[in-house]
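Student: Need coordinates for the following:
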Amino acid sequence: MTETKARAACLIGWPAAHSRSPLIHHHWLRTLGIEGGYVIEAVPPDELQDFVLRLSAHGFVGANITIPHKECALALTKPDARACAVGAANTLWYEGRELRSTNTDIEGFINNLDARASGWDATEEALVLGAGGSSRAVVFGLIERSIKRIHLANRIVIVFTLASTFDVVAAPHGATCGSRCMLRNAVAAVTGRCGARHSIHGRVWSFAAQNQLSQSSRSNG
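Tutor: Sure, this is the predicted structure:
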């Protein structure tokens, strides 16, 4: 008699050993009576592409993505409109032989605020610490909830990935906003739709989020 191997998923990150994801997922697998497994896969950046593209060969039907791989995972999969709008993917699964991706960080962040800080979105300003894949989802969620000004603080900010992605007016804290995407300091200056990466060091950037998200981002999210 041939035994059917239980389906398994994994968390891909670097580092990843600290994650409690297996504990959480195994709890719900047991609670819901689902036969399956969930493990951690610590994958360094230079091995990510090979690992993701051979995910099924490693025995996995899907995966969650954590730091620092969320933006790279987007490019290695077929993302849905939500992941495309954010510019990062944290959930992978197969549809047939095609590896798909989405981003659930937005709902995780917004739903937690709704549950624990009712009325939080009555504020006009928010401060986001960091500028990685999760921060993209946070900024996206804040814009969707009509927060008028978003302050982003980080040691290194990759300019176009946030300003261009969300089509907002941006300027260093305390500066005057100019065109759609104008960012200035001693390190770099870019105007309009940025075509290359520029690192901005040690600054707080203010995003005046009065611009509307694209219709496709809202309707498909």
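Student: Following the record's annotation, map out the domains of this structure.
Tutor: Domain ranges of the chain: 7-103, 106-220, per automatic domain parsing.
Student: What average pLDDT does the last one get?
Tutor: In other words, domain 106-220. Mean per-residue pLDDT for domain 106-220: 60.
Student: what do you get for the shortest one?
Tutor: Mean pLDDT, computed over domain 7-103, is 95.
Student: And that domain, end to end?
Tutor: End-to-end distance of domain 7-103 (CA to CA, to the nearest Å): 22 Å.
Student: got the residue ranges for the strands in the protein?
Tutor: 7-13, 36-42, 62-65, 78-79, 91-95, 98-102, 125-129, 149-158, 169-172, 182-184, 189-191, 199-208 (DSSP state E).
Student: Identify the residues contacting the second one?
Tutor: Residues outside strand 36-42 that contact it (CB atoms under 8 Å, 6 or more residues apart in numbering) are 6-17, 19, 21-22, 25-26, 29, 51, 58, 63. Just so you know, the C-beta spots here come from the backbone N, C-alpha and C atoms, and that holds for glycine as well.
Student: Using CSV, list the CA coordinates for it.
Tutor: What follows is strand 36-42 as a C-alpha-only set of coordinates in CSV (Å, rounded to 0.1, in the frame of the first residue of the first chain):
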residue,chain,number,x,y,z
GLY,A,36,0.2,18.8,6.8
GLY,A,37,3.5,20.2,7.9
TYR,A,38,5.2,23.6,8.2
VAL,A,39,9.0,24.1,8.6
ILE,A,40,11.6,26.9,8.5
GLU,A,41,14.0,27.1,5.6
ALA,A,42,16.9,29.5,6.2
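Student: and it, which strands flank it?
Tutor: Under the criterion DSSP bridges, strand 36-42 sits next to strand 7-13 (parallel) in its sheet.
Student: List the buried residues in the partner strand.
Tutor: Going by neighbour count (16 or more other CB atoms under 10 Å), the buried part of strand 7-13 is 9-13.
Student: wait, doesn't Arg100 sit right on Ala83?
Tutor: No: with the criterion set as CB atoms under 8 Å, Arg100 and Ala83 do not qualify as a contacting pair; they are 9.0 Å apart.
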